[in-house]
Structures are given as C-alpha cells and as structure tokens.
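Chemist: Using only what follows, build the 3D model:
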Amino acid sequence: MNKVLRNPLAYALFVIPALALYMTFYVVPMFSSLKYSATSWNGINEATFNGLDNFIKAFRDEKFLIALKNNIIFVFFSVFIQIPVIVGLSIVVSGVRRFLDFYKTTVFMPSVLSTAIVGVIWKFIYHPDAGLINQVLRTVGLESWALGWLGEENFAFLAILVTNAWQWTGFYIVLVLAAIFAIPKEMQEAGEIDGAVGWRKACYLTIPLIRPVILVIMLLSITGAMKAMDIVMIMTSGGPFGSSEVMGTYMYKQAYSMSQFGYANAISILIFLFTCVLTLIFHLITRRSEEVEYG
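Modeler: Next comes the predicted model:
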C-alpha cells in the first residue's frame, strides 16, 4: 500500500479524470465563448470577427443596462436583506429546545424543490384573481391593494426576489445552525456568566464566532444573484416590458430568440467578469475588516 501511495501514477489516476472533465466542461467552453464574443454570428453561418463591437454594444444597450441594474439589486437584496433575516432566524431557531428537527426540516424543504416547481407555485400565489396574496388582502378588506403582482412594472422584480429568498433561505439557515451548534458550550456558558444573554449574546458572542460561515453564505449569495436566470424565466421571462430582466435572461433571448450568438457570448463574458469583480471586492473588504479587527 505504501509503495502505491509513493507512486505518482496512483495520484494521476485520480487527478487526470477530474482534470479532463474540468477542461472539457469548463475551460474549453469558456475559451470558446470568449472566441465567439468577438464575432458577429447567427449560430449557422460562419462567424465574422468584429473585435470589441459586441462589448461596446452592450454598454450602449439600454435593455442590457436595465438587466445589469437588476442583477446588482439582486445582489444587494441578497446580502443586506436576506442574510440578516437568515442569521436572525437561525439564532431564534437555535434557541428552540422542542421539535428542533421539525423546524430544520421545514425551513430546508423549499431548497429541495426545483426552481421550476418553486416558480410555478409562486406564480399561483401571485395570481391576480386566485392567488393567495390577493385572496388574503380581499378577506381583510384591503381589496384596493390586490394587484397583478407579476404584471406590474414596480412589483414584478420584487416578487421574484421574495420567491428566490423563500427558496434558498432554508438552505442557508441550516448552514448557520450547524455553525451555531458547533460553538463550544464552555464558551457560551462563559459568555452568559459575563452577562451575554438574549440579543447581547447573539451580537457579541454568536455572530462573531460564526462570521466565517456568514461570509461563505454572503459569497454564495453574490455569485447566485449574478447568475440568476431560471427563476426569472419561469415567473416573468423578463417582463413586463423588461422590468425584471437580468443578464442571464437577456443573454438567452439574444441567443435563442434573436439568433445573435456573438452578442450573447459577449454578455456571458460580461457576466463572468462582473461576478469576478464583485467577488474580488468582497474578498478585499472582508480581508481589510479582518486586518482592522485583529491588527
């Protein structure tokens, strides 16, 4: 056994298949997309090189800029609204002594559902006539508040944000709960002796100790918001009038509705670059905060 472990070929047998899959399904498609992003191509005829025209076109395209703005709103909603709610709910649930497993299973269940199912369920909830939200509003005498939520320019994208948060909040809560339960009991007891109880305990003990997990879910939220596409396609397809368009759906439409595959590839590269930039900014901010905290 030791001779096998010292043989480089033994490691190669495990590394090469994974590396081949990575190259085939990630690296090669990415460079192919980069190649076609600098072309004018309808997916059938021969691609014609046009340099940076597609990228210049994107930043002059009002619909693309709206989609970019919506992605940024998606990021801010996920980081500054969804994550504080996740952490707060996790702290509350962690204090429950009875039926804890039931609560954990209940909040996690939406994450198990496919995005298609979640989108269809919430389309019924937002339905202007038979939808649960409008039915409740009419029941409590607020009929004037009943709207066609997914058909309203001012509310369609907000409805999608709420739906996406509902789907993934439970998944992140389970991660945060795992981190909370991993805190040594001795440390919690010491904090309680020093007067850290209730929300003081949460702010000065629990949250600082689970900070690494919070940073992880923040990073996952940022990348998830930047590549959001499926939930938007299912619920509104970018409507009404492009008000809920995101870069992913706009890329899809340019490719498969408009047959502008060169432009669509340029948008995919921009999604990749914007995601990298936001991730880099996030790492710089968190690293600087750590240096200030521990310096």
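Chemist: So, low pLDDT: which residues of the protein?
Modeler: Along the chain, the parts satisfying pLDDT under 70 run over 1-6, 196, 289-295.
Chemist: Please enumerate the strands of it.
Modeler: For the chain, applying DSSP state E gives strands covering 39-40, 48-49.
Chemist: For these, give me TSV that also has mean neighbour count.
Modeler: (Each C-beta comes from the backbone N, C-alpha and C, glycine too.) TSV is the format used below for the strands of the chain (neighbours: other CB atoms under 10 Å):
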stretch	mean neighbour count
strand 39-40	18
strand 48-49	11
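Chemist: And for the residue nearest to residue 149 when sequence neighbours are not counted, the neighbour number?
Modeler: In this structure, residue 149 finds its nearest non-sequential neighbour in residue 126, 4.1 Å apart by CB to CB, 6 or more residues apart in numbering. As a burial measure, residue 126 scores 25 neighbours (other CB atoms under 10 Å).
Chemist: Can you pull the phi/psi pair for residue 126?
Modeler: phi -90, psi 0 (degrees, to the nearest 10).
Chemist: Against residue 279, how distant is residue 88?
Modeler: Between residue 88 and residue 279 the distance is 25 Å, computed by CB to CB, to the nearest Å.
Chemist: and if you look at residue 118?
Modeler: 26 Å.
Chemist: more crowded one of these two?
Modeler: When residue 118 and residue 279 are compared for neighbours, residue 118 comes out ahead with 21 against 14, by other CB under 10 Å.
Chemist: which residues sit in contact with the closest residue to residue 205 other than its chain neighbours?
Modeler: When the adjacent residues along the chain are set aside, residue 205 lies closest to residue 191, with 4.3 Å between them (CB to CB, 6+ apart). When contacts are counted by CB atoms under 8 Å, 6 or more residues apart in numbering, residue 191 touches 201, 204-205.
Chemist: So what's the residue count around residue 286?
Modeler: Look at residue 286: counted by other CB under 10 Å, it has 16 neighbours.
Chemist: measure the nearest residue to it once chain neighbours are set aside to residue 52 for me?
Modeler: Leaving aside its sequence neighbours, residue 286 sits nearest to residue 215 (CB to CB, 6+ apart; 5.7 Å). Separation of residue 215 from residue 52 (CB to CB): 35 Å.
Chemist: Whichever of the contacts of residue 191 count as buried, I'd like them selected in PyMOL; how would that read?
Modeler: Burial among those is assessed by 16 or more other CB atoms under 10 Å; the matching PyMOL selection reads:
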select buried, resi 201+205
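Chemist: Now tabulate the contacts of residue 191 in CSV and tack on distance to residue 47.
Modeler: Shown next, in CSV, are the contacts of residue 191 (distance: CB to CB, whole Å):
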residue, distance to residue 47
201, 61
204, 59
205, 59
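Chemist: So which of the contacts of residue 191 sit within helices?
Modeler: Here DSSP state H is the test, and these give residue 201 as lying in helices.
Chemist: nearest to residue 179, of the contacts of residue 191?
Modeler: residue 205 (12.6 Å; CB to CB).
Chemist: That closest one contacts residue 184, doesn't it?
Modeler: No: here residue 205 lies out of contact with residue 184, judged by CB atoms under 8 Å, at a distance of 11.1 Å.
Chemist: Let me know which of the strands of the chain is the nearest to residue 132.
Modeler: In terms of CB to CB, the element of those nearest to residue 132 is strand 39-40, at 47.4 Å.
Chemist: chain center to that closest one, what's the gap?
Modeler: Relative to the chain's own centre, strand 39-40 is displaced by 30 Å; criterion: CA atoms, centre = their mean, to the nearest Å.
Chemist: now do stretch 169-183
Modeler: Distance, stretch centre to chain centre, for stretch 169-183: 17 Å (CA atoms, centre = their mean).
Chemist: Identify the residues contacting that stretch?
Modeler: Here stretch 169-183 makes contact (CB under 8 Å, 6+ apart) with 82-83, 85-87, 89-91, 93-94, 104, 106-111, 205-206, 209-210, 212-214, 216-217, 220-221.
Chemist: And stretch 80-99, by the same measure?
Modeler: Outside stretch 80-99, the residues touching it (CB under 8 Å, 6+ apart) are 100, 103-104, 107, 165, 168-169, 172-173, 176-177, 180-181, 202, 206-207, 210, 214, 217-218, 221.
Chemist: List the buried residues in that stretch.
Modeler: So for stretch 80-99, counting by 16+ other CB under 10 Å, buried means 82-83, 86-87, 89-91, 93-94.
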